[in-house]
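**Student:** Can you look at this prediction? I've put the sequence above it.
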Amino acid sequence: MADNKNIEKEPLFSKKNIGLVMDPLTDSNPITVQVLGICSALAITAELKASVIMALSVMFVLAAGNVVISLLRNVIPSSIRIIAQLVVVAALVIIVDLTLKAYVPDLAKKLSVFVGLIITNCIIMGRFEAFALGNGPWKSFLDGIGNAAGYGLILVIVGFFRELLGSGKLFGFQIFGDPVEKTGLYALGYENNGFMLLAPMALITLGLIIGFQRSRNKSLIETN
Amino acid sequence: MSTKRTDKASYTIIFSIILVVVVGSLLAFFANATKELRVNNDKVKSQMDILSSMGIESTRANATEMFNKYITKQYVIEGVNATENPEAYLIDIKKEQNKAKEGGVQRLPLFVGEKEGEKIYIVPVRGNGLWDAIWGYVALNGDLKSIYGVFFDHKGETPGLGANITEPFFKDDFKGEMLYDASGDFKSVEISKSNGDPNNVDKTDNQVDAISGATITGNGVGTMLKKDIRLYLPYFETLKK
């Protein structure tokens, strides 16, 4: 249990701990570098609002789940640790689902099965296995926040472009004018690209982001 | 992990029992705590959907107020007898349909609305799409022969294809469509791929244009309308007299 000693020595926001939050935003981003959690990233990014809610939901599940698993890491029998992880993540996801249904019912309907599918989001189980089982609760919490933020960042970027180019809106507000009344940009003949709202364009947008990131940081390019 | 107490079978069993009991009671508590809000959300959604079928768009904030304003009467029909019931909109159509399947009498909710001085009758419908349930409300004109407007929703039809039954371009086709043919027989409204009338100009052909790529969902809508509106015909006959 070397990690417990480390925590006592380290300040709360040591350089290493800050790295836990910042690295997943860029060089170890769960979506663009580790290519995890793609399914939901494609499905719910047609609107920025849904992207943000999804990102926050995943952040809650991952941060809380990481802490719970980290606290239990010495009492979970290793033979059933995956099952125990699943029970924890499923319980957290149901709490998120019920909360959304109670307070933002229309959005809950739009996110529909994808909230439930957070359970199967590889990022969650991946972080439980790779990090929370071997680190203390504070570090695990930071790791959860960082990875969920990295996931959310990509969701928001994709959602931004898809909603802006697909329906000419951001958070539901019309940016380019009214397409029906033909005001603003639409008066000049601009048209929304409905294709942006479909899943294939989410994949292409994501591909462009991945390509852009690797062109900036050559070390991320796989050699095989 | 080396050989520790956590590797023993008895420990594993006790651990899993405790974990499940703790998580189970936590979730039960949480579900109970949010139940009232969720049930209320569903109620408001039904009110919004009924209003939407008669062409009134409402928000969650003003739905109940609008519902009370525009829906003047709510009935529950059993056979040809209608009794007024201010909570008819809460009747679970799925349960009623199952009751009918088992040989019981299906209670049929009927809503009477009034908009711009015109009487509108609204009936709920429920059927199957491609993947899962589809449902909606059909608003009929005061003569009970043609459609005033419709509302459709679905549980899990394919986005971009079957899910488009909720879109205005599909629902608007139903407006004014006749439910009876020229000789006065009940025909309902079919979803047709071959009626050669994509803009739905002909309102007397008992057909609206289908959505490409959504054949089974479309057929499901057609079957649902025919099956469920037919149930109301005996009562409608008594109204026409």
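**Tutor:** Ah, there it is. Numbering: from 1, shown residues only, chains lettered A, B, ... in the order given.
**Student:** What separation do you get for residue B:96 and chain A?
**Tutor:** Using Cβ to the nearest Cβ, to the nearest Å, residue B:96 is found at 23 Å from chain A. Every residue, glycine included, has its C-beta placed from N, CA and C.
**Student:** now residue B:107
**Tutor:** As defined by Cβ to the nearest Cβ, residue B:107 lies at a distance of 26 Å from chain A.
**Student:** Determine the set of other helices and strands touching the longest helix seen in chain B.
**Tutor:** Identified as the longest helix of chain B according to DSSP state H is helix B:9-53. Here helix B:9-53 touches helix A:81-103, helix A:105-111, helix B:63-70, strand B:133-140, strand B:147-154, going by 3 or more Cβ pairs under 8 Å, 6 or more residues apart in numbering or on different chains; DSSP states H and E.
**Student:** what's the closest of the ones you listed to residue A:185?
**Tutor:** Ranking the helices and strands packed on helix B:9-53 by proximity to residue A:185 (Cβ to Cβ) places helix A:105-111 first, at 26.3 Å.
**Student:** Show me which residues of chain B are close to chain A?
**Tutor:** B:1, B:6-7, B:11-12, B:15-16, B:19-20, B:23, B:26-27, B:30-31, B:34, B:37-38, B:41, B:45, B:60, B:156, B:160 (Cβ under 8 Å from any Cβ of the partner chain).
**Student:** quick one: the helices in chain A?
**Tutor:** Listed in chain order, the helices of chain A (DSSP H) span residues A:2-9, A:15-22, A:38-43, A:48-72, A:81-103, A:105-111, A:113-116, A:122-130, A:137-167, A:199-216.
**Student:** What is the neighbour count of residue 23?
**Tutor:** I'll assume chain A. Other residues near residue A:23 come to 16 when the count uses other Cβ atoms under 10 Å in any protein chain shown.
**Student:** My question was about chain B, not that one.
**Tutor:** Residue B:23: 17 neighbours (other Cβ under 10 Å).
**Student:** Quick check: closest non-adjacent residue to it.
**Tutor:** residue A:91 (4.6 Å; Cβ to Cβ, 6 or more residues apart in numbering or on different chains).
**Student:** again, but for residue B:188
**Tutor:** residue B:226 (3.7 Å).
**Student:** Let me see the contact set for residue A:126.
**Tutor:** Residues near residue A:126 by Cβ atoms under 8 Å, 6 or more residues apart in numbering or on different chains: A:30, A:34, A:36.
**Student:** The residue nearest to residue B:188 in helix, strand or coil?
**Tutor:** Following DSSP: H, G, I helix; E, B strand; the rest coil, residue B:226 is assigned to helix.
**Student:** follow-up on the earlier one: how about CSV for the helices and strands packed on helix B:9-53, with distance to residue A:193, mean pLDDT and mean neighbour count added?
**Tutor:** Listed next are the helices and strands packed on helix B:9-53 as CSV, based on distance: least, Cβ to Cβ, whole Å; pLDDT from 0 to 100; neighbours: other Cβ atoms under 10 Å in any protein chain shown:
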stretch, distance to residue A:193, mean pLDDT, mean neighbour count
helix A:81-103, 29, 91, 19
helix A:105-111, 21, 81, 17
helix B:63-70, 34, 88, 17
strand B:133-140, 29, 93, 23
strand B:147-154, 26, 92, 23
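**Student:** Mind checking those for the one nearest to residue B:233?
**Tutor:** Closest among those, using Cβ to Cβ: strand B:133-140, at 11.4 Å.
**Student:** Just want the angle from that closest one to strand B:147-154.
**Tutor:** Between strand B:133-140 and strand B:147-154, the angle comes out at 170 degrees (axes from the mean of the first three to the mean of the last three Cα atoms, to 10 degrees).
**Student:** what's strand B:133-140 packed up against?
**Tutor:** Using 3+ Cβ pairs under 8 Å, 6+ apart: strand B:133-140 touches helix B:9-53, strand B:118-128, strand B:147-154, helix B:215-230.
**Student:** ok, residue B:139 touching residue B:174?
**Tutor:** No. Residue B:139 sits out of contact with residue B:174 when judged by Cβ atoms under 8 Å, with a separation of 9.3 Å.
**Student:** Quickly list what's touching both of those two.
**Tutor:** Joint contacts of residue B:139 and residue B:174 (Cβ under 8 Å, 6+ apart) are B:147, B:149-150.
**Student:** nearest to residue A:99, of those residues?
**Tutor:** Residue A:99 lies nearest to residue B:150 out of these, by Cβ to Cβ, at 32.8 Å.
**Student:** Please tell me how far that closest one sits from residue B:189.
**Tutor:** Distance, residue B:150 to residue B:189, by Cβ to Cβ, to the nearest Å: 9 Å.
**Student:** Could you do residue B:134 as well?
**Tutor:** Residue B:134 sits at a distance of 15 Å from residue B:189 (criterion: Cβ to Cβ).
**Student:** Please apply the same query to residue A:22.
**Tutor:** Taken as Cβ to Cβ, the span from residue A:22 to residue B:189 is 59 Å.
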